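Trainee: I need the structure of the sequence given here:
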Amino acid sequence: MKNREKTRVRTFPLAVVLLAVFLAAGIPAGAPLEAQAKPRLAILPFTGGTGGDGETIGMLLSYEPDIASAFTIVPRTKAIDDSIMTEQVFQRSGLTDTDTISEFGIRLGADFVVAGHIQKFGNHNLVLINIINVETFQQISGDYREYASIEDIKNLLPDMAKKMVSAIRLDTVNLPGLAVLPFAIPSEVNVQDAEVLAQLLATEIANSGKYAVLPRTQTIQTAMEVQKIERGGMTDPDSIKAIGNATNARYVLSGNVRSLGSRNMFMVSILNIERATQERGNQIEYKDITDGLRLMAELSFLLTGVRQGETANFQERFVKIEGGTFNMGSPPGESGRNTNETRHSVTVNGFYLGKNEVAQREYEEVMGINPSAFKHPALPVEQVSWYDAVEYCNKRSGLEGLVPAYTIYKSRPDPGNTNSGDTVAWLVLWNRDANGYRLPTEAEWEYACRAGTTTSFNTGTAITTAAANYNGNPALDDNPTAAYVAKTLPAGTFAANKWGLFDMHGNVWEWCWDRYEDYDAEARDNPSGAASGMYRVIRGGGWYGFPQNLRSASRTGFTPSVRGCYLGFRVARSGL
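Mentor: Model prediction:
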């Protein structure tokens with residue numbers, strides 16, 4: 001270890017420069033790696049296997065398309081392998097200490113290192129893979145799976161690779177550091193099983209994107225020994241601070257395996273090092289210690305508010321819309337134009353918008369019902385009112401640990417609602433600082449639909465039923481007549497617009513946040529509709545609509561309590 005600092009000075013700037021380039025280029029936190037320059041990845045032989053199994057599994061992982069497309073794989077050499085093994089006095093079976101893992105990365109000029117382990121957990125066989133930042137030691141993503149025989153691991157690697165790559169955040173240096181300690185256990189629990197529990201929970205929390213997880217190193221172990229911290233002893237303020245000083249972490253995760261009569265519990269606390277206080281904590285019951293295989297994901301959710309894979313899923317399901325100024329409405333000569341489309345300049349801030357209309361599968365998972373007339377999990381949900389849509393947004397936010405965008409008063413009438421035919425008439429207030437799901441404003445919707453275009457449709461001056469789901473007969477001017485399917489179609493049936501959004505024209509009308517109003521030619525900044533009125537805005541046209549209803553500027557209002565097989569929505573989130 002004496003030469004380590006010199007080696008680090010020569011090699012570490014590569015990771016720093018890459019990160020600086022990504023941030024300077026405006027690439028969002030957690031953006032898909034294919035949009036970035038490829039970092040260099042070294043894959044170490046998996047530990048715990050017999051014979052050459054560990055080396056073979058590492059090679060197989062390097063061939064996985066998701067890994068190969070996201071990283072430049074750095075080949076290892078026997079000279080580097082042997083020199084580090086000799087210098088660190090480590091055997092391949094002992095390559096689990098993060099200091100040594102990082103040393104491999106430094107010597108190889110890699111930015112990240114894959115460290116995989118094959119191990120027992122009770123009577124279960126487990127393969128665990130972590131991707132570690134060479135410079136910071138932080139675990140940036142990982143996965144674990146149970147297998148029956150060693151040959152099964154080959155079949156597990158594709159899904160593991162996909163999950164790890166999609167969960168990667170390159171900006172973990174900006175996240176609060178979390179040092180993970182071994183679980184405190186009663187005498188009847190195997191020490192190795194307790195170590196595995198800590199590894200599984202650390203992996204889940206790393207994938208949540210809430211903390212920069214620092215896997216337990218020899219440094220932490222030494223600090224525990226110096227402070228005489230025994231398992232379950234992480235309640236003393238001096239001990240907590242000692243761990244923090246040893247790791248430069250802001251928080252410590254301390255886990256316990258406890259019993260209360262016949263009830264067994266995993267109990268976990270996240271401790272603030274500076275204040276030496278418990279920041280948050282939770283517990284979950286189990287029957288057998290190996291229930292940790294399925295319960296650590298839930299325990300991570302209770303601590304972080306992020307469901308397993310939710311960070312990655314958000315990247316896959318949403319498009320980041322950069323803010324800007326555009327001409328909202330239509331010019332006087334546009335065919336099919338209505339008088340409520342006065343053209344005016346509008347500026348909107350950046351936000352995130354769902355690539356697709358909310359699907360029935362998504363709606364039922366959150367609300368427990370599927371009200372749609374055309375039933376199929378992949379079809380857009382319809383027969384939802386404006387109130388159904390805002391309730392969905394809030395419930396989904398709650399399930400994912402986000403701050404709900406709306407405060408809903410079901411027993412208080414809305415003083416701004418002038419529609420006597422509205423059978424619900426709840427008072428709904430929008431908290432604009434919240435990070436939860438919400439409906440887009442009308443201006444956001446049109447800005448995203450146009451995707452930089454100024455024509456009647458984002459496809460140009462004309463549209464066909466090869467580009468959207470609508471009633472193509474009769475035609476509008478030079479829009480050709482076409483078949484009419486008379487039902488909704490799955491997301492992705494047609495090409496996305498230039499910004500990657502599907503079905504902005506047709507399929508189902510989409511609820512927006514705004515009350516409907518006629519607007520004038522005055523420029524506006526982030527408008528959100530009238531203070532009072534009868535209707536809420538719907539946009540985009542639907543499967544039964546004519547082409548003029550699909551135009552980017554076309555707009556109308558509906559009573560917010562109305563449901564119909566032509567009414568759906570997509571969700572947005574404010575810029576993160």
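Trainee: Against residue 450, how distant is residue 382?
Mentor: As defined by C-beta to C-beta, to the nearest Å, residue 382 lies at a distance of 24 Å from residue 450. C-beta coordinates here come from the backbone N, C-alpha and C atoms, glycine included.
Trainee: ok, these two, which is more surrounded?
Mentor: residue 382 (27 against 21; other C-beta atoms under 10 Å).
Trainee: ranges for the strands of the stretch 451-576 of the chain?
Mentor: Using DSSP state E, counting those that start in this stretch, the strands found in the stretch 451-576 of the chain span residues 509-515, 524-525, 536-539, 555-558, 567-568, 572-574.
Trainee: typo on my end, it should be the stretch 151-300 of the chain
Mentor: With DSSP E, counting those that start in this stretch as the criterion, the stretch 151-300 of the chain has strands at 177-180, 212-214, 251-260, 263-272, 277-286.
Trainee: Can you point out the buried residues in the fourth one?
Mentor: Okay, so that is strand 263-272. Neighbour counts over strand 263-272 (16 or more other C-beta atoms under 10 Å) mark 264, 266-272 as buried.
Trainee: Check the last one too.
Mentor: In terms of neighbour count (16+ other C-beta under 10 Å), strand 277-286 has its buried residues at 279, 281, 284, 286.
Trainee: Check the contact between the last one and residue 295; I expect there is one.
Mentor: Spelled out, it's residue 286. Yes: with contact defined as C-beta atoms under 8 Å, residue 286 counts as touching residue 295 (5.9 Å).
Trainee: anything in contact with each of those two?
Mentor: residue 266 (C-beta atoms under 8 Å, 6 or more residues apart in numbering).
Trainee: Reformat the buried residues of strand 277-286 as TSV; add pLDDT.
Mentor: Output for those, formatted as TSV (pLDDT from 0 to 100):
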residue	pLDDT
279	79
281	85
284	86
286	86
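Trainee: and of those, the nearest to residue 513?
Mentor: residue 279 (34.3 Å; C-beta to C-beta).
Trainee: Quick check on residue 327: phi, psi?
Mentor: With angles defined as degrees, to the nearest 10, residue 327 shows backbone torsions of phi -90, psi 110.
Trainee: List the contacts of the residue lying closest to it once chain neighbours are set aside.
Mentor: In space, and not counting its chain neighbours, residue 327 is closest to residue 343: 5.5 Å by C-beta to C-beta, 6 or more residues apart in numbering. Residues near residue 343 by C-beta under 8 Å, 6+ apart: 327-331, 521.
Trainee: at 7 Å what do you get?
Mentor: Residues in contact with residue 343 (C-beta atoms under 7 Å, 6 or more residues apart in numbering) are 327, 329-331, 521.
Trainee: Then residue 553?
Mentor: Contacts of residue 553 (C-beta under 7 Å, 6+ apart): 329-330, 341, 446.
Trainee: What helices and strands are in contact with the lengthiest helix in the chain?
Mentor: Taking DSSP state H as the criterion, the chain has its longest helix at helix 191-208. Under the contact criterion of 3 or more C-beta pairs under 7 Å, 6 or more residues apart in numbering; DSSP states H and E, helix 191-208 touches strand 112-121, strand 124-133, strand 139-147, strand 177-180, strand 212-214, strand 251-260, helix 292-304.
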